[in-house]
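*Asks:* Only the shape, not the letters, is given here:
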């Protein structure tokens with residue numbers, strides 16, 4: 001893998017008198033972050049939604065990198081994730097289910113099992129940070145076709 005900076009920097013600016021923030025990382029577009037009413041106005045993603053998006057994109061990215069290195073033809077990828085929160089504070093995720101649909105004509109279950117294991121055990125930093133704290137289940141479906 002390429003050399004990746006070991007330090008990430010983000011900035012947050014409050015936008016109202018509740019909990020609506022504008023978040024930035026580098027030169028990327030700002031992300032709207034808020035909380036549900038009445039504490040927030042629901043004008044952006046919640047922190048847990050961003051975490052779920054982050055895990056989903058990290059898993060999908062690491063899997064795609066390895067499948068492409070294996071010369072697998074991937075024509076579409078769709079990820080759906082669901083996080084179930086704990087009932088007591090802190091109400092973080094108790095478990096997360098990820099459903100991955102990959103369209104390919106030359107992909108096998110063995111290929112997918114191999115790259116999922118690599119993603120979980122070695123290469124997806126978000127999964128690594130959550131592992132042991134949150135039960136994560138990943139299911140996949142290979143769709144044949146163009």
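*Replies:* Good, I have the coordinates. Note that the structure is a prediction, hence the values are computed from the model and not measured.
*Asks:* Could you check how far stretch 113-123 is from the centre of its chain?
*Replies:* Relative to its chain's centre, stretch 113-123 lies at 15 Å (Cα atoms, centre = their mean, to the nearest Å).
*Asks:* ok, and for it, which residues are buried?
*Replies:* Neighbour-count burial for stretch 113-123 flags 115-116, 119-120, 123 (criterion: 16 or more other Cβ atoms under 10 Å). In short, each C-beta sits where N, CA and C put it, glycine included.
*Asks:* what does it rub up against?
*Replies:* 1, 59, 62-63, 65-67, 70, 127, 131, 136, 138, 140 (Cβ atoms under 8 Å, 6 or more residues apart in numbering).
*Asks:* Can you tell me which of these end up in strands?
*Replies:* 136, 138, 140 (DSSP state E).
*Asks:* Which member of these is positioned nearest residue 104?
*Replies:* residue 140 (11.0 Å; Cβ to Cβ).
*Asks:* Spell out which residues sit in contact with the closest one, please.
*Replies:* Neighbours of residue 140 in contact, by Cβ under 8 Å, 6+ apart: 99-102, 112, 116.
*Asks:* pLDDT score assigned to it?
*Replies:* On pLDDT, residue 140 comes in at 98.
*Asks:* So in terms of bridging, what pairs with it?
*Replies:* Residue 140 forms beta bridges with residue 100, as assigned by DSSP bridges.
*Asks:* measure it to residue 117 for me?
*Replies:* To residue 117, residue 140 is 12 Å away according to Cβ to Cβ, to the nearest Å.
*Asks:* ok, back up a step: can you pick out the most distant pair from the buried residues of stretch 113-123?
*Replies:* So, the buried residues of stretch 113-123 by Cβ to Cβ: farthest apart are 116 and 123, at 10.7 Å.
*Asks:* Make sure I have this right: residue 72 is in a strand.
*Replies:* No - according to DSSP: H, G, I helix; E, B strand; the rest coil, residue 72 belongs to no strand; its state is coil.
*Asks:* Now it. Nearest residue, chain neighbours left out?
*Replies:* Computed as Cβ to Cβ, 6 or more residues apart in numbering, the closest residue to residue 72 that is not its neighbour in sequence is residue 107, at 5.0 Å.
*Asks:* and the one you found, how many neighbours?
*Replies:* The local packing of residue 107 (other Cβ atoms under 10 Å) involves 20 other residues.
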